[in-house]
Every structure is written in structure tokens, then in C-alpha cells.
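1. A predicted structure for the sequence below; I have some questions about it.
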Amino acid sequence: MMVANEMAFETSAKKVAKKHYDANFDKKIIDAKLKVNFDNGKTNQSLNVNLQIEKDKVIYIKGTKFITVFKAKITPNSVSYYSPYAKNYFEGDFSLLEKLLGVEINFDQLQNLFLGQSLLNVKSEKQQLEIVTNKYVLYPEKQSSLFNIFFTINPSHFKLDEQSIVNASKKLRLDIQYSGYNFIQKTIFPENIMIVAKSENTTTNIDLIYKSVVFDIPLNNSFEIPNGYKRIEF
């Protein structure tokens, strides 16, 4: 069931930040099937993806197109990836995701991206508030010296409609848009996530379309990098 829109009324940045924080996802396990479209100007492909999250512990991602194209396991401390198609693998830090998205990102931020929550904790520092086109726009009172960040919050359910990170000096920009939410098992969950990562020379578009989502079922997932694969280095 789709979530309807409501009007944005005058309020304080502190209240909006608290309501967004309180709207955080409270299930323990997510098992979702997605359609993912990826285009960076050189590679343009669509994949079926199985996304499994044990909240705050591990994220499993499996991409298929007739065969398994890749598997990834992401924990708060590491990223592991291998491709039976390309016969290569990666084990290390979050540099693989940073290369994909163009900005530094950690486990909590990636998890929040999938769940419709802000990449930064909006309660941890003072925020400014504007109402733009009937939506709440929050941004830190003191923006980082490295980048500016903006959160557009839906007044109906206080999940995100959009979040943007801009690094003008390096000509980097990351825009994440949430075009709609569904009400699943008494939980508000994204329906579609559109990611646009821009650098000086490239633009990467990633479109995530949730096809099915279930919560709190036992996970049955194995991840083991096969012998003989070539290691990817960054």
C-alpha cells in the first residue's frame, strides 16, 4: 500500500530531526528482491538483486542475470565481493563502494541509504530548516569543510524524499531520491531509490526498484570466495 502525502507546516528543525530519527527502521532482518539498473556511461546493465540485511551487523547482496554475476558481503568493518562471471574478487575496506558512489561511505550510511534514512545523524548536531515545495529541508547549521549535505524529509511519514552530498572543490555530487514508499507489515519502506553520482568526468546512475520485501525471517546465506579468482586492487 502506497503512503499518501500531507502538508508541511511551520515547525522547528529540532522537531523535524527528532521525527525523522524516530521514524528509523526497527525490524531486525530484511530480505528483499530488487531490479537494479546501472549506467556509468561505459557499462549499462540491469540485474536482479537479492538484498539481505541483518540490521547493524551484515549486508548481503547477490546480483544475477541468468547466472550469478556477483556476491557481496558488507560488515561494519569490511567489504568482500566476488564475481563468478568475471572470476575476480575484492576484500578490504569501503574503497570499493567509494569508487562506485564517488563519496566516502561507511556501513551505517549504506544501511540507511537502503532504508530511507539520512546518511548522517540529524540529531547529533544543530540543523537549519526550510520548507521547500511542501517538504522539510534540513541541513547542518555548520556544514562540513569537505562537503555540504541536505536532507529533504517527507511531512507525511518523516522518511527521506531526497538527500544530497556536494563537494564543490572536487566537483563531486551524490543525489539519492526516494520516489515513493510502501506500507509493509506495519512498516514504511522505500519503493524506489534513484542514485546519481557525479564527478568531474563521469556520471553514474543506479536505479533500485524493490519488487518484494519481507521482514524478520531467518537468513540462510553463505559467502565464500572461490580459489583461483583474481584480486581487484584500488
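-> Right, received. Where do you want to start?
2. where along the protein do the strands fall?
-> In the chain, the strands defined using DSSP state E lie at 29-39, 44-54, 58-65, 67-74, 79-83, 88-92, 127-132, 135-140, 148-153, 160-167, 172-184, 187-198, 203-215, 230-231.
3. which other helices and strands contact the last one?
-> Same thing as strand 230-231. Secondary-structure packing of strand 230-231 (3 or more C-beta pairs under 8 Å, 6 or more residues apart in numbering; DSSP states H and E): strand 88-92. (Each C-beta comes from the backbone N, C-alpha and C, glycine too.)
4. which outside residues touch the strand it packs on?
-> With contact meaning C-beta atoms under 8 Å, 6 or more residues apart in numbering, strand 88-92 is reached by 78-83, 96, 225, 229-232, 234.
5. and if you look at stretch 162-173?
-> Residues contacting stretch 162-173 (C-beta under 8 Å, 6+ apart): 102-103, 118-119, 146-152, 174-178, 196-200.
6. please spell out the PyMOL selection for the buried subset of those.
-> Listed next is the PyMOL selection for buried residues among these, using 16 or more other C-beta atoms under 10 Å:
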select buried, resi 102+103+118+119+147+149+150+151+152+174+176+177+178+196+197+198
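7. lowest-pLDDT helix or strand in this structure?
-> helix 95-101 (a mean of 81; mean pLDDT, DSSP states H and E).
8. same for that one, what does it pack against?
-> strand 79-83, strand 187-198.
9. and the contacts of strand 88-92, which are buried?
-> Buried by 16+ other C-beta under 10 Å: 79-83, 96, 225, 232, out of the contacts of strand 88-92.
10. point out where the chain drops to low pLDDT.
-> For the chain, the stretches flagged by pLDDT under 70 are 1-10, 234.
11. contacting residues for the residue sitting nearest the centre point of the chain?
-> Centroid-nearest residue in the chain: residue 113, 2.3 Å away (criterion: C-alpha atoms, centre = their mean). The contact partners of residue 113, by C-beta under 8 Å, 6+ apart, come to 105, 119, 176, 193, 195.
12. wait, the last one touches residue 179, no?
-> Translated: residue 195. No - under the criterion of C-beta atoms under 8 Å, residue 195 makes no contact with residue 179, lying 11.8 Å away.
13. neighbour count winner among those two?
-> Ranked by neighbour count (other C-beta atoms under 10 Å), residue 195 and residue 179 place residue 195 first, with 17 against 13.
14. could you measure from the more buried one over to residue 145?
-> 25 Å (C-beta to C-beta, to the nearest Å).
15. please apply the same query to residue 152.
-> Distance from residue 152 to residue 145, counting by C-beta to C-beta: 23 Å.
16. leaving out sequence neighbours, find the closest residue to residue 216.
-> residue 29 (5.1 Å; C-beta to C-beta, 6 or more residues apart in numbering).
17. for the chain, identify the residue most remote from the centre.
-> Outermost residue of the chain (C-alpha atoms, centre = their mean): residue 228, 31.6 Å.
18. what is the neighbour count of the residue nearest to that residue when sequence neighbours are not counted?
-> In space, and not counting its chain neighbours, residue 228 is closest to residue 87: 7.4 Å by C-beta to C-beta, 6+ apart. Neighbour count of residue 87, defined by other C-beta under 10 Å: 11.
19. thought residue 87 was touching residue 230?
-> Yes - counting by C-beta under 8 Å, residue 87 does reach residue 230; the two are 6.4 Å apart.
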